[in-house]
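1. Build me a model from this:
(one chain, ligands or ions: 1)
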Amino acid sequence: MKRVNIKCPYCGSRALLRSASVVYGKRAADPSAPYYVCAHFPACDSYVAAHRRTCLPMGTLANGPLRRKRIQAHAAFNRLWENGLMSKKQAYLWLQAKLDLPEQETHIGRFSEFRCEQVIRLCGSFFTTGKRAA
Ligand SMILES: [Zn+2]
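-> Next up, the predicted model:
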C-alpha cells in the first residue's frame, strides 16, 4: 500500500487513511471502504473516498457544502451519458473542451464549488439547447 501525504485544505492538518465507518458510523454502506479523513474530524468536517485497491484518494478533501456540490455536478454530468446520448468517455471529452482543462484534471472529485457550478450550468444548457435545436 502506497502512503500518500495529504493535507486538509481547510485547516492544514494531515489527512489520515481511515475506514468509512469513522465518517458514517453505522450508516456506512460499506464500513471498510477507505477514506482520507482530516485528523481534526469531526471538528473539521473534511474527507474524500479512496480507491480500495490502491488507497489513492479519488479527489481532494471536501467539506459538507463542497461534497453536496460535487454530488450535484456528478448527477448533472451523468445525465449526458447515462441515457446513451454519448459514451462516458465522450462526455468527459466534451466537459474537458468546455472547461478547457487537460484530461488528468477533468475529475469532478477534484473540482472546487465554482467548477461544480460550471459543470451543473454547462450540463443543464446542453439539454436546453438540444431541445431548442430539435
Ligand atoms: Zn481539516
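2. Could you report the distance from the spatially most central residue of the chain to Asn83?
-> Of all residues in the chain, the one closest to the mean position by CA atoms, centre = their mean is Gly109, 2.3 Å from it. Using CB to CB, to the nearest Å, one gets 23 Å for the distance from Gly109 to Asn83. (Glycine included, C-beta is placed from N, CA and C.)
3. again, but for Val48
-> Val48 sits 28 Å away from Asn83, going by CB to CB.
4. Name the residue in the two with the higher neighbour count.
-> The neighbour comparison of Val48 against Asn83 (other CB atoms under 10 Å) goes to Val48, with 21 against 8.
5. show me where the protein has helices.
-> Taking DSSP state H, the helices of the chain run over residues 20-24, 64-82, 88-99, 113-133.
6. and of these, who's closest to Lys7?
-> Closest approach to Lys7 among the helices of the chain (CB to CB): helix 64-82, 15.6 Å.
7. Now do the closest one: everything it contacts.
-> When contacts are defined by CB atoms under 8 Å, 6 or more residues apart in numbering, helix 64-82 is touched by residues 45, 59, 62, 86-88, 90-91, 94-95, 108-109, 111-113, 115-117, 119-120, 123-124, 126-127.
8. Mind checking which of those residues are buried?
-> Among those, those classed as buried by 16 or more other CB atoms under 10 Å are 45, 59, 62, 91, 94-95, 108, 111, 115-116, 119-120, 123, 126.
9. Hmm, His107 is touching Gly59, no?
-> Yes - here His107 reaches Gly59: they are 6.2 Å apart, a contact under CB atoms under 8 Å.
10. Flag every residue of this protein that's near the ion.
-> 8, 10-11, 13, 38, 40, 44, 46 (CB under 5 Å from the ion).
11. now these in TSV, with neighbour count?
-> Output for the residues of the chain next to the ion, formatted as TSV (neighbours: other CB atoms under 10 Å):
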residue	neighbour count
Cys8	22
Tyr10	15
Cys11	15
Ser13	16
Cys38	25
His40	16
Cys44	17
Ser46	25
